[in-house]
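> no sequence on hand, only this structure:
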Ligand code: QUE
């Protein structure tokens, strides 16, 4: 159906899902989450559907996250049950993608953050272009890295996951492939041909489009990331960053100090705990955590400052 926020249709051998809310950078609302889930359920046992391909409309974003503005509205209205429904259905979709019996291919060309990571990284293939921009920025809105990333981030090389999850650091496409968030690096100019080839020939076509990766831009900081973010507490991460005495460490510290202090603490705990959980256990623990953190005043204030008013001046309590 044109005009709808998710367009799901058959194309050759694949089921194709288009996130079609480009003015909101394809941020996921509950209707979109339900539409994606319904499409996946419908294609699961369809013999002629050999794979699912998902991408974002508009050329700027795969998906910028969840419709956190609507969630804030529900929180402020005291609609705790509706908040719970949102996160429960979002995380259930993440689990469905991880367990999907057919290849699930995300074509990521643009912003892929938060909930966008959740509907891509659990799939078998994550193709990023040079325009891919990946992050888990939730500590800026006093949430925590969710959508199964408490499972995923601790499994990235070294302490990259703790670094990404606490600082919200943005990674370009090639860097995301180095980190293991993306599986293939393909120029955006090839995306249309790649999509057509997958529809005609299946997912084996992806490998033929993959290009070698340029240098990992974080390579010069990998040792410092492992030294600092491998610490046993948030306080220790801060003191190790202070001890580094480099421009990178000062910038990282300055960024961390703008985040909700409470959120940095609960995100640290959630990521350390997630290292020992299955994806399903991690998603269940995340759902439990959302019940508490969305009630903390920092959440409504963080979304206000970063998404609603965009003044980027959150007043955290405690500061
Ligand atoms: C931190 C975040 C998010 C954010 C900004 C942050 C986030 C999120 C959005 C977002 C983006 C576009 C939209 C929308 C929400 O912004 O998780 O409704 O249209 O979803 O600093 O974690």
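Perfect, I can see it now. Given the structure is predicted, the values throughout are model-derived calculations rather than measurements. Residues are numbered from 1 along each chain as shown.
> rest of the way, CA atoms for contacts and neighbours
Will do.
> which outside residues touch the longest helix seen in the chain?
Determined from DSSP state H, the single longest helix within the chain is helix 80-98. Helix 80-98 has contacts (Cα atoms under 8 Å, 6 or more residues apart in numbering) with 30, 33-34, 36-37, 71, 74-75, 104, 118-119, 122-124, 147-148, 279-280, 283, 287, 290-291.
> give me that answer again for 6 Å
Applying Cα atoms under 6 Å, 6 or more residues apart in numbering, the contact partners of helix 80-98 are 37, 118, 119, 122, 123, 147.
> would you mind identifying the next helix or strand past it?
Later in the chain than helix 80-98, the nearest helix or strand by DSSP states H and E is strand 104-108.
> quick check: what element follows that next one along the chain?
Next along from strand 104-108, by DSSP H and E: strand 111-113.
> now do that following strand: everything it contacts.
Contacts of strand 111-113 (Cα under 6 Å, 6+ apart): 61, 62, 63, 64, 65, 132, 133, 134, 135, 136.
> average pLDDT for the strand or helix carrying residue 239, rounded please.
Residue 239 belongs to helix 234-244 when assigned by DSSP H and E. The pLDDT scores in helix 234-244 average 98.
> do a quick rundown of the helices in the stretch 151-300 of the chain.
160-167, 173-179, 191-201, 205-209, 222-229, 234-244, 247-258, 261-274, 279-293, 297-303 (DSSP state H, counting those that start in this stretch).
> now those helices as TSV including distance to the ligand and mean neighbour count?
Converted to TSV, the helices of the stretch 151-300 of the chain look like this (distance: least, Cα to the nearest ligand atom, whole Å; neighbours: other Cα atoms under 10 Å):
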stretch	distance to the ligand	mean neighbour count
helix 160-167	10	24
helix 173-179	18	24
helix 191-201	24	17
helix 205-209	29	15
helix 222-229	20	19
helix 234-244	20	16
helix 247-258	11	15
helix 261-274	11	21
helix 279-293	13	18
helix 297-303	7	23
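> out of those helices, nearest to residue 48?
Among the helices of the stretch 151-300 of the chain, helix 191-201 comes nearest to residue 48, with 11.2 Å by Cα to Cα.
> any weak-confidence spans in the stretch 101-250 of the chain?
For the stretch 101-250 of the chain, no stretch is flagged by pLDDT under 70.
> so who does residue 315 touch?
Counting by Cα under 6 Å, 6+ apart, there are no residues that residue 315 touches.
> host element of it?
Residue 315 belongs to no helix or strand, assigned by DSSP H and E.
> distance to residue 113 added to the helices of the stretch 151-300 of the chain, as CSV?
Shown next, in CSV, are those (distance: least, Cα to Cα, whole Å):
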stretch, distance to residue 113
helix 160-167, 11
helix 173-179, 12
helix 191-201, 20
helix 205-209, 23
helix 222-229, 21
helix 234-244, 23
helix 247-258, 17
helix 261-274, 16
helix 279-293, 17
helix 297-303, 15
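> so which of the contacts of helix 80-98 belong to helices?
Filtering the contacts of helix 80-98 for helices - DSSP H - leaves 37, 118.
> dump the contacts of helix 80-98 to CSV, plus neighbour count.
Shown next, in CSV, are the contacts of helix 80-98 (neighbours: other Cα atoms under 10 Å):
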residue, neighbour count
37, 18
118, 27
119, 30
122, 25
123, 23
147, 31
